[in-house]
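K.L.:
predicted model and sequence follow; I will ask about them next.
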Number of protein chains: 4
Amino acid sequence: MNEKIRYAMIGGGPGAFIGAVHRIAARMDNLYELVAGCFSSSVEKSLETGKEIGIANDRIYANYQELIEKEKQLPDNQRVQVICIVTPNHVHFAPAKMALENGFHVILDKPITLTLEEAKVLKHLKEQTGKELLLTHTYTGYPMVKEARQQLASKKLGNIRKVYVEYPQGWLSKSVESKQADWRTDPSKSGVAGAMGDIGTHAFNLAEYVTSLQVVKLCADINTVVENRRLDDDGAVLLKFNNGASGVLMASQVAAGEENKVKIRVYGENGGLEWHQEDANSLVLKHLDEPAQILRTGASYLGSFATHNTRVPAGHPEGYLEAFANLYRNFALTILYKNQGREVPKECLDFPGVEEGVRGMAFIETVIASGQSDQKWVELTI
Amino acid sequence: MNEKIRYAMIGGGPGAFIGAVHRIAARMDNLYELVAGCFSSSVEKSLETGKEIGIANDRIYANYQELIEKEKQLPDNQRVQVICIVTPNHVHFAPAKMALENGFHVILDKPITLTLEEAKVLKHLKEQTGKELLLTHTYTGYPMVKEARQQLASKKLGNIRKVYVEYPQGWLSKSVESKQADWRTDPSKSGVAGAMGDIGTHAFNLAEYVTSLQVVKLCADINTVVENRRLDDDGAVLLKFNNGASGVLMASQVAAGEENKVKIRVYGENGGLEWHQEDANSLVLKHLDEPAQILRTGASYLGSFATHNTRVPAGHPEGYLEAFANLYRNFALTILYKNQGREVPKECLDFPGVEEGVRGMAFIETVIASGQSDQKWVELTI
Amino acid sequence: MNEKIRYAMIGGGPGAFIGAVHRIAARMDNLYELVAGCFSSSVEKSLETGKEIGIANDRIYANYQELIEKEKQLPDNQRVQVICIVTPNHVHFAPAKMALENGFHVILDKPITLTLEEAKVLKHLKEQTGKELLLTHTYTGYPMVKEARQQLASKKLGNIRKVYVEYPQGWLSKSVESKQADWRTDPSKSGVAGAMGDIGTHAFNLAEYVTSLQVVKLCADINTVVENRRLDDDGAVLLKFNNGASGVLMASQVAAGEENKVKIRVYGENGGLEWHQEDANSLVLKHLDEPAQILRTGASYLGSFATHNTRVPAGHPEGYLEAFANLYRNFALTILYKNQGREVPKECLDFPGVEEGVRGMAFIETVIASGQSDQKWVELTI
Amino acid sequence: MNEKIRYAMIGGGPGAFIGAVHRIAARMDNLYELVAGCFSSSVEKSLETGKEIGIANDRIYANYQELIEKEKQLPDNQRVQVICIVTPNHVHFAPAKMALENGFHVILDKPITLTLEEAKVLKHLKEQTGKELLLTHTYTGYPMVKEARQQLASKKLGNIRKVYVEYPQGWLSKSVESKQADWRTDPSKSGVAGAMGDIGTHAFNLAEYVTSLQVVKLCADINTVVENRRLDDDGAVLLKFNNGASGVLMASQVAAGEENKVKIRVYGENGGLEWHQEDANSLVLKHLDEPAQILRTGASYLGSFATHNTRVPAGHPEGYLEAFANLYRNFALTILYKNQGREVPKECLDFPGVEEGVRGMAFIETVIASGQSDQKWVELTI
């Protein structure tokens, strides 16, 4: 594909973390061009970021409304095709809605919205408009996570019985004050959940993605460990899946000393598998009465999904930015194939979107409700 | 100590697993002499095992009653001092009770009894008779588990907030028929719990030991995954500790492909620690904003408990049998010091006993009750 | 820096591996723009690659001579500033020489040339012209490799005594025929060395970089294991450094089953350190009588070099492409700072260049000479 | 086997390290009884150790000569059958010779003697007398080392091409003064080699054992790093094997921060394998174009040698003491089978003996000669 997709970014100004990550991801495979933006609620800061990145001043906008309205009026070969929203949670829904309504594809950081209701609105809009939406659940962009899903789908390990997914972080162990910490612990900006929304949704998404199953009910222990924090910073959740399998989800931001240790283990009748981000280029398959196997990124024996999402030969580790870039790449390829009226290969279609967003919001609302309930199991419904 | 303790073994005949482990553990440090036994309900098998081990025929008994009665009548310098019971769970209480009542010290495999009530009776008897009782919760015999406990007790990592303990096994993934599997899945021999009694108690004991905390309530998801199995083979438990910390306990015997993967992680305000049996000679300490540290068995910087429980210099790995032997060694030293009227060093007194047995039974009964309840939290009381 | 450096690429057409890696590295940090190229000796293939990447047809050239001559005539604001050469070894020297002579900065894949003599010519030219030259010894771009160098330079571990560096690969275990394998095993294209030139130089460079020492003599065992191969595919080298330390360098392309397992260990009087690419985001420091420490990319306690070369917070693994991009980024920043007449921060200046190229060629020639000699030690001189 | 072998120990008194290890190893499987000894050149210390262990005073001897003479005169059912020698190297030959000449089996710590000549004398004597000799090269007692040998012998990985064996320790990084350090750095007690004799021989033995090959020539870099030390404390050796394979042996006692990190990697035409003592219960098999496999102690798929040398089920780690005990167990079983006139199973016969002792001494003498030579390769001959 030698065509580049023009995109605009909302958020991602000075001091932001994830905006820069999105920009690197977009550049990695040469499929995007960042040509417009509204990087901050402060126009000066927005101009500053724009200058740093190399965006013409007339494509820096005062707010997302202006961005969408003005871009809409540009000719086809100038107008951005994708709007990327990397603001705190409370500024996801309105710009995403407006973007879809005005004919733009949308990239959104997770969680998709502040509430399940909003997520459903976006889902409806997405279906109505036929536009594409990418929700950046990074961890499903890792080749070996995709291999895990493909391995389990092949049923070689048998029906799934048990899922352990965990996401311990330690950076909120103290009462932190920082741009990153502040909005994440503010209910008006983060939503009803803190850690459960920020990282619990990642773990939930990872579990459903890898297993191709859906959680149908759950029982949550939700904690606010650091005094005076207004949202949860820790939790553990018992899960039941739609095939009868059970699971445990652990997510904490007060696991002092942990960095960002995403890990998943799944067990079927004949064996299990294990992936953790620290050793992202390996996938361990375990077998009853046979030696465990270590599958490696870039190897010839991997399935089509892992292979499609790898850039360099085995032994040259790819990491978080490449996983993120895989989401961007598949999203771009899907748009480009569709633009050309061609069938989109299934490997390209494999990116998280509005469905995952809706399920993530259902998870958030259910897990917080369960945390406050005396009832053991709460059903997760959409 | 150049004196050896004479002991008798009940159970541990042909086909048994743990009996042989006990015997190796007893031999390791030259503190015991096995001189009597009733290794099987079949006298021939018992004689066979006795011959193999090198025990005089007149010290092989038909049943535990005979063993206790006849040994009691032997002169001081011949009579066994300790009776070691390695039978299935339903044959723990009666011989242990009779042994204590007749003046013998007792070594018991876990769980201590079939019911909490029985455990309390043993506790009462133990206190009344002043005899010693060792309950072989092996994992607390590992030097780095002891170091973990000492590190946490020192409060360097701050107050404990979170505990993750897990014990996945895969050997019951299929409908197994074997001597080992049969009694463990038979309620009349195993008690109300399967996996939760067999390995869940180990995980529970490990969590309480390492943290010096007590579980006060729990919420359990208990599953019988393999069809027609009569007891649980899988479970996950949300925990609350007496200091307010929360935890998760996972134990499964259907985690296909796993061997015996005991692991514990604990997080305090300033950092965390991690130990897993696969790398038993290491203890990882994690710190906020400082590099993690790998503490190693045999190193000069370890605390007195780890040091006391290590035989060889750093870099010479010790394993499961040495951990088991540490229990035996400390039990023997405690008896020998007391026999000599000397104060027992605290490192020697540090072995699991009747208290841990009572708590283990309370865990088993509570966890099964919680598994059957619609109520979220069930209190763990004695 | 909001200015982009325009560059041209020689080589990197269809079927090439390293060309695509260079292009990703150049894009990662938004500091380069690829605007011209001669990607293949076939003009059609070159145009094909140019189209794929999005380069105007009039900037695709038939050969490197044309590229350099025509670009030289372009106005300042269009002309490329950097020429990147990613051809097989025998097409390094001539274009690099011509590029320097005509006022371009140069990026070269390693080894720098076919012979030590050629390398010295480039060094002389580089000094004469004042142009910059980047030699892409990727492994020194890893943040934790930079941290290792800084740790050793701080002397906390004491004077260096021992260096083990290894680079086992397995991809040439059989008699492979592929574009990648063919030129590497052809003396007219690869030079006097096979594995020693391809990966041995990486290991050599890594050892000298991390230790800040220089090898003064060596003793090599050089092997051609696969029948009919015309160059070495395996070797091991005893090393002596200029401070008296000794070392071992192992490089093999017939270590069947290995991918690309670069690893270095260095020991000083008080401790040692260990880095391996498989776990690239960790650096292990080992101490006499103290616990080992695991330093992690992105952590606050790291030195300025590691920090400067990291993009994402701790726990978000960066890999091979980011390491590669670090070379590109530092090279660009050096040029940009100098263009602006500003002092270049030492962290930016820290990239491999012509000095490393000369030493690499000296290593290659010495190691092959030693391999053919009956003499134990051969001096490495420039 | 319900018979126990009576043995005497020479050396292993207060302050010794390896004597206690031998005693634990002998007790582990209930096949030995320690009934006599001469634990120290000081009679008081010897009596003290004897009392601690529980040996009758009349079986404590003033010196090895007395021990052998007096034991020889005891009746068959009292006399020791085996004499175990755990003194420093210079007190190996004479007692071993006298023991063999007087009809005793011998257990010797490595290296077997002070010189190759002495080793050959013992070999001759051993053959003449028909007595057994065990040389405690511990690392070949590990089940997964035995599995490695069996895997390679099966030729599934193809002909062996490359061997890397390493043994870094750090405990002699400083000028240490201790009982353990003193004799090891004293040529009159240790022989011509320091580190090469103490741990280099272990690495050499491991390489020959695992590969079933023999080293035919070598080229050594031998260093004395710590000032005023009288013997080598570090070395690296290039190896050539009798099938044409090449190898590297690294052994150091000044690798500051390392404990006792024995590791071996072997590569054949189709794949490789890796074992390291830190993870002693795993053996990694690597394959060209297939996932690597992790074989585990106790698993059902292992060969007969690994299985024979394991005591507990998979997931219950065995360590250094069990590996040591495997040597003792196989030695005892060999004696007992032979005593009964039965054929000895090949798994029992698989222990290091006088042949390995002779080769070890040849290695020591050759490696030191090579270290002092300007010649590249020195042949290793017996």
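P.N.:
Sure thing, it's come through.
K.L.:
spell out which parts of chain A neighbour chain C.
P.N.:
By CB under 8 Å from any CB of the partner chain, the residues of chain A that approach chain C are A:2, A:4, A:17, A:20-21, A:23-24, A:27-30, A:51-54, A:169, A:258-261, A:277-281, A:296, A:298, A:311-322. Where you see a C-beta, it was placed from the backbone N, CA and C, and this is true even at glycine.
K.L.:
hmm, try it at 7 Å
P.N.:
Contact residues (CB under 7 Å from any CB of the partner chain) of chain A with chain C: A:2, A:4, A:17, A:21, A:24, A:27-28, A:30, A:51-54, A:259-261, A:277-278, A:280, A:296, A:311-322.
K.L.:
tell me which entries of the residues you listed lie within strands.
P.N.:
residue A:296 (DSSP state E).
K.L.:
in helices, which of the residues of chain A next to chain C appear?
P.N.:
Of the residues of chain A next to chain C, the ones assigned to helices by DSSP state H are A:21, A:24, A:27-28, A:51-53, A:320-322.
K.L.:
buried ones from the residues you listed, can you make that a ChimeraX selection?
P.N.:
Buried residues within those, by 16 or more other CB atoms under 10 Å in any protein chain shown, are selected in ChimeraX with:
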select /A:21,24,27,28,53,320,321,322
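K.L.:
now do the contacts for residue A:311.
P.N.:
Residues near residue A:311 by CB atoms under 7 Å, 6 or more residues apart in numbering or on different chains: A:318, A:322, C:24, C:321.
K.L.:
which one of the residues you listed is nearest to chain B?
P.N.:
residue A:318 (24.0 Å; CB to the nearest CB).
K.L.:
ok, and the closest non-adjacent residue to the closest one?
P.N.:
residue C:319 (4.9 Å; CB to CB, 6 or more residues apart in numbering or on different chains).
K.L.:
is it correct that the one you found is in contact with residue A:319?
P.N.:
Yes. Using CB atoms under 7 Å, residue C:319 is in contact with residue A:319, at 4.0 Å.
K.L.:
just for chain A, where's the confidence low?
P.N.:
For chain A, the stretches flagged by pLDDT under 70 are A:1-2.
K.L.:
if you skip the residues just before and after it, what's nearest to the closest residue to chain C within the stretch 101-250 of chain A?
P.N.:
Closest to chain C within the stretch 101-250 of chain A is residue A:169: 7.3 Å, counting by CB to the nearest CB. What sits nearest to residue A:169 in space, not counting adjacent residues and going by CB to CB, 6+ apart, is residue A:253, at 4.8 Å.
K.L.:
which residues touch that neighbour?
P.N.:
Going by CB under 7 Å, 6+ apart, residue A:253 touches A:169, A:171-172, A:195, A:199, A:233-234.
K.L.:
mind checking which of those residues are in helices?
P.N.:
residue A:195.
K.L.:
and the strands in the stretch 251-382 of chain A, which stretches?
P.N.:
A:263-268, A:271-276, A:282-287, A:290-296, A:378-379 (DSSP state E, counting those that start in this stretch).
K.L.:
single out the most deeply packed of these.
P.N.:
Highest mean neighbour count among the strands of the stretch 251-382 of chain A (mean count of other CB atoms under 10 Å in any protein chain shown): strand A:263-268, with a mean of 25.
K.L.:
all set now, cheers.
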